[in-house]
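Engineer: Just to be clear, the model below is a prediction. Sequence and coordinates:
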Number of protein chains: 4
Amino acid sequence: MTGTTQARPPIGVAVVGAGYWGPNLVRNFRASPDWELVAVCDLDEERARRVLGGGSGDVLVTSSLAEVLGRDDVAAVAVATPARTHQGIALAALRAGKHVLVEKPLADSVPHGRAMVEAAREQGLVLMADHTYCYTPAVLKIRELVEAGELGEILFVDSVRINLGLVQPDVDVFWDLAPHDLSILDFVLPGGLRPTGVAAQGADPLRAGKACVGYLSLPLPGGSMAHVHVNWLSPTKIRQMVVAGTRRTLVWDDLNPQQRVSVYDRGVDLAQQAVGTTDRTAATISYRLGDTWAPALPEREALAGMAAEFAASIRERRPSRTDGAAGLRVLRVLDGASRSLAAGGVLVDTDISTTQLEVVG
Amino acid sequence: MTGTTQARPPIGVAVVGAGYWGPNLVRNFRASPDWELVAVCDLDEERARRVLGGGSGDVLVTSSLAEVLGRDDVAAVAVATPARTHQGIALAALRAGKHVLVEKPLADSVPHGRAMVEAAREQGLVLMADHTYCYTPAVLKIRELVEAGELGEILFVDSVRINLGLVQPDVDVFWDLAPHDLSILDFVLPGGLRPTGVAAQGADPLRAGKACVGYLSLPLPGGSMAHVHVNWLSPTKIRQMVVAGTRRTLVWDDLNPQQRVSVYDRGVDLAQQAVGTTDRTAATISYRLGDTWAPALPEREALAGMAAEFAASIRERRPSRTDGAAGLRVLRVLDGASRSLAAGGVLVDTDISTTQLEVVG
Amino acid sequence: MTGTTQARPPIGVAVVGAGYWGPNLVRNFRASPDWELVAVCDLDEERARRVLGGGSGDVLVTSSLAEVLGRDDVAAVAVATPARTHQGIALAALRAGKHVLVEKPLADSVPHGRAMVEAAREQGLVLMADHTYCYTPAVLKIRELVEAGELGEILFVDSVRINLGLVQPDVDVFWDLAPHDLSILDFVLPGGLRPTGVAAQGADPLRAGKACVGYLSLPLPGGSMAHVHVNWLSPTKIRQMVVAGTRRTLVWDDLNPQQRVSVYDRGVDLAQQAVGTTDRTAATISYRLGDTWAPALPEREALAGMAAEFAASIRERRPSRTDGAAGLRVLRVLDGASRSLAAGGVLVDTDISTTQLEVVG
Amino acid sequence: MTGTTQARPPIGVAVVGAGYWGPNLVRNFRASPDWELVAVCDLDEERARRVLGGGSGDVLVTSSLAEVLGRDDVAAVAVATPARTHQGIALAALRAGKHVLVEKPLADSVPHGRAMVEAAREQGLVLMADHTYCYTPAVLKIRELVEAGELGEILFVDSVRINLGLVQPDVDVFWDLAPHDLSILDFVLPGGLRPTGVAAQGADPLRAGKACVGYLSLPLPGGSMAHVHVNWLSPTKIRQMVVAGTRRTLVWDDLNPQQRVSVYDRGVDLAQQAVGTTDRTAATISYRLGDTWAPALPEREALAGMAAEFAASIRERRPSRTDGAAGLRVLRVLDGASRSLAAGGVLVDTDISTTQLEVVG
């Protein structure tokens, strides 16, 4: 714990869940000097063993969560199990004094998520949401540009994430795909994702029993709006987000590796009005058609950055950049979407604007 | 000179309104053997004269609508004036026994539009909406493919029409841009545009006094949905419509002249269920990833096709393909959008499904 | 009529040739305050009259070139006739004391072109090549960037201009399409287009009697190279030019109206070598992967800029930016291409590097 | 263990060379039921061991080629060493009675390649070139379409393979990148790649001591032409091949995963001529602008297909689809390119049309 950053001993971590996402966590924890992988836990021990490849070395493989939580060399637990199990595992880990990373979404309901956030706060432990997209070079750049005021005030955000996708057995298209868009919005919007309401429209044209096509409208304070289109039935794949501001507008096209982020110095200006005029309707409108600029982005794996941030927030005893409160804000919008959907698309409240929860006191 | 279709004498037409759109009508009526341009009418006679270029020839230039309507050689009137004047001019023309073509939108309100449709029906005259996009080669092909069952049942339609656009003084972005999308939907959907409701979300982040960013959700009978995104504040220009069906899905990208319409033999299939099962949730889902096909489209000016259809519907004493009833269905959705917007995005009724109005008895 | 630039009287101009290109010249001369269209001359007087539309006004319509050249109010002649007639008309006009603008290519052979350039020089008159592309906002920007050193030294230029095109009766694909690429190269390369040789490869797979597919290699002084691909048989349309430099590389995609010119701060660097080393092979190579930048380009008709430059060069008694010498350099490369093609693709000399011809003494 | 194809015992194979490409071969041989990986040989044994990951199992790791060739359980050898060593290793393996697979290019010179082909023929053994691209779903589809006559007669082929690339220490851009294009051409052209000559133009604007920008023109029998553009200095990455035929034209864009292969029913037709006319110049030309079609392509790793073909050609005692003769044809063109380059771009002979070498008697 002295001197250089390199000198710090790695933090012991256990990965719980060896299904779809767990192997990626295992690979990144193993490759990082910040971490020492101590255990992999899955109800199916054989599956847990396979994740480690030929050489499991000293890594414990077990189906017992209690065994994992009982070890002193485990300081942190990464949870990559189905969402409905997040609360139980996370609360157990927090009670055992472990820092916790949870795959998105944070939990399967707002009360569950809130309980997790409160438990972490009480224990003074880090609770982090694995909002992986936030650690991509593109999203980090977007946040940096918004923070620096390069876009001005946000006018609207439009996010499209559509593809032929697996119709999930347990969740609709909102809970499956929108956590990506919402966690990104939470990361890049100043002050996080705090819409004044949520309105959702969904369609189930295949009669699959759940929405396969979904639209989310999120009015933001100040008259701007975020909108999300998620879709399992599109023959073409689109992953695109427009972040329009009063100064510049940014387009992120995640499927264009040659120019992922473009910043347009184009927009509509309302001219300064005469003194005493309160109605901007009459204002003179003009257009800017300036240059376009596409910043170079490093090639870096997002998950490596996420793992580094988890370690840093533990060491520095601070909330991580995608903390439990962020995960809870995403949950609140998803919950609002479900309620709006059930009520025919009416705008429902999310109470996010009054949320004041923080992890790590 | 007897017998052939070429032998039919041209129909006399007057164009009322010489502003933005009028000159296009003048040019196309002049170029067509179906029509004889008899008069151009505008409150500003000088502007009307300029539309005719150097050679006005025998064409009457006048600022008097009464003079136009009093002429026996005027059988049809094309109205290209602001929407708030459509009803007055159209009703006068219909009462004078003239067939009427009206620029989109048909009128500035549902009652005005309904009065026009009823007047045309009573008089046995053609009332046509100038839904120009419907006569583009791309939209004609889409209608043909849908009608032939090539797409199967419609699952969803997603239309995006965004650009840096002029913030209009009198209308919001819905009334300015959505008539295009809605008239196309009315043209290509089997049975026309008859949503079970309308929900609208809009944003006015510039405080221009009206929505500059708008989203329309239109649930369709059978669980499918149409959605429209119109936007004056986007730095990039997109005009794209996805029409997804159970058999195939079509993408129309109007800004890609090399491949405007693509038909994807891709989709999600729900397998046949066991007898007695009523819950499709349990059905086996599979994916088709077949070929893509882009039909060749002729290069043809849409307005010429529109003018030909106006003439044909008059001669054949039948409703035109984009008749007053079509214009009225579009109006009803726009009206519903305004009401939904005022009510915070709640789904409102449009009564379109019960509308049974027809022109030309 | 005193003092300001607007006060200058317009220059009288006659357009000779009312076929494909003539009408564009007529329209632009008429729209410009710099010019007064005095006459249109074509062997087919009826065609000449049609070009003027309804109102010919005071413009002379004639089939007699002598009549045009005999008029004192004609100070300049714009020639838009087939290339084989350029020399005859231009020499007659120059001898009559008229400034001359000639559609590309300047002439149908190098000797003819040289005679025109020499005649203009002797008479002290402007001889301008109508290299229209050079007056597009994109090419003007490229020239500006190259001149300002933004790209560094030129490493290579690669130009592709392919499409399904009309197989011309009298010329091959090189003489039909490459004048565009070559005139642009002449405009943007420092010092103009002065290759050290020309090698051409062509194919006539349809046995049309001439090359329908063509490739031109133009080694440039200093080891760089320009290459041009012209093609009448491509099903897809491409108009793209890459200008690679030691500092930055520019890509001009003329068919992408949303981002025609992109400047990439990417490249390969050879590190500085040790003193005394003459072999750069051993140098350390590194890559730059910097930002991309797309300058805003005004929307402006190229032909209007060309007409303005013709007037300015006459008034300021200076060579135009695309003068006869430029047209002659293009001719020399085309002539070299024909000779190389006949010799099986061998690199032939063009003598351009020693060309020292200038118009307007 | 009789009868079915699955019952056949795997073929023992040794991989020689554990550098850049060797690990891919190791992975695919291990994953295939056709093969049993027996040995990995590299001068650096540690590197060879690393290729096998944690579990080398029964696989021999050695730096001795002789040891590998002396083993009876090695029936085939895959050579992934630098090109200059191919001949020596391949001849030794063939003399030891082993079938041989060689990474592209087959050898570093035509005589070396010819010696390998002759040795394989004399021994009655398979010599296969690892032209991996030929086993991609896209190239297999192109070959299938050409063979079935869907494109008609080939009019031209234009291949572009450009990117910011590593300036290689030992070879120029032709020998580094063009083997890809040439092996694909050999695979898809009827009768293989048999140009009537080769002309090469190269540029070395960085003075790296070798061409970094290269253009290859390959006249084909019947008046058509293939052209290849390879480039290490392009800021943008393009991998595109146009194969134009009398009936249809195909565009393969390897960087567009959503539509890699497009088949255009567009082209230029020369109408049938009058009897007795021998000059097609006078023929009437017309254009077809038909539909576009993009065949669905399976997602399959090319190297797995290559490994399967190697096994099948050994079992069926037939030349593989990319046999030594194919590798030799590619070598001849590369050799011709070097000679043309040295001679200033003149068209040189390749003698390919008379080549009649075959492997496996």
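Structural biologist: Received it, and whenever you're ready, just let me know what you need.
Engineer: for chain A, longest strand please?
Structural biologist: Of all the elements of type strand in chain A, the one with the most residues (DSSP state E) is strand A:233-245.
Engineer: Partner strands of that strand and their direction?
Structural biologist: Within its sheet, strand A:233-245 is paired with strand A:154-164 (antiparallel), strand A:249-253 (antiparallel), according to DSSP bridges.
Engineer: Only alpha carbons, please: show the shortest one as PDB.
Structural biologist: Provided in PDB are the C-alpha atoms of strand A:249-253 (Å, rounded to 0.1, in the frame of the first residue of the first chain):
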ATOM      1  CA  THR A 249     -25.000  17.700 -32.300                       C
ATOM      2  CA  LEU A 250     -23.300  14.400 -32.000                       C
ATOM      3  CA  VAL A 251     -24.200  11.200 -33.800                       C
ATOM      4  CA  TRP A 252     -22.900   7.900 -32.500                       C
ATOM      5  CA  ASP A 253     -23.100   5.000 -35.000                       C
END
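Engineer: any idea how far residue A:300 lies from chain D?
Structural biologist: 19 Å (CB to the nearest CB, to the nearest Å). From N, CA and C alone the C-beta is placed, and that goes for glycine too.
Engineer: Could I get the phi/psi values of the closest residue to that residue other than its chain neighbours?
Structural biologist: Using CB to CB, 6 or more residues apart in numbering or on different chains and skipping residues adjacent in sequence, the residue nearest residue A:300 is residue A:137, 5.6 Å away. As for residue A:137, its main-chain torsions (degrees, to the nearest 10) stand at phi -60, psi -30.
Engineer: wouldn't residue A:137 be in contact with residue A:297 here?
Structural biologist: Yes: with contact defined as CB atoms under 8 Å, residue A:137 counts as touching residue A:297 (4.0 Å).
Engineer: if we can go back for a sec, with distance to residue D:222, mean neighbour count and mean pLDDT added, can I get the strands paired with strand A:233-245 in a markdown table?
Structural biologist: Output for the strands paired with strand A:233-245, formatted as a markdown table (distance: least, CB to CB, whole Å; neighbours: other CB atoms under 10 Å in any protein chain shown; pLDDT from 0 to 100):
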| stretch | distance to residue D:222 | mean neighbour count | mean pLDDT |
| --- | --- | --- | --- |
| strand A:154-164 | 43 | 22 | 95 |
| strand A:249-253 | 43 | 23 | 96 |
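Engineer: Report pLDDT for residue A:327.
Structural biologist: pLDDT for residue A:327: 98.
Engineer: part of a strand, is it?
Structural biologist: No: checked against DSSP: H, G, I helix; E, B strand; the rest coil, residue A:327 lies outside a strand; its state is helix.
Engineer: so what's it up against?
Structural biologist: When contacts are counted by CB atoms under 8 Å, 6 or more residues apart in numbering or on different chains, residue A:327 touches A:102, A:104-107, A:113, A:117, A:127, A:129, A:131, A:183.
Engineer: And for residue A:63?
Structural biologist: Taking CB under 8 Å, 6+ apart, one finds A:41-45, A:48 in contact with residue A:63.
Engineer: try it again with 6 Å
Structural biologist: Contact partners of residue A:63, counting by CB atoms under 6 Å, 6 or more residues apart in numbering or on different chains, are A:43, A:45.
Engineer: what about it, distance to residue A:40?
Structural biologist: 10 Å (CB to CB, to the nearest Å).
Engineer: Please, where are all the strands along chain A?
Structural biologist: A:11-16, A:35-41, A:60-62, A:76-79, A:99-103, A:127-130, A:154-164, A:199-203, A:213-219, A:225-231, A:233-245, A:249-253, A:261-270, A:285-294.
Engineer: Nothing else from me, thank you.
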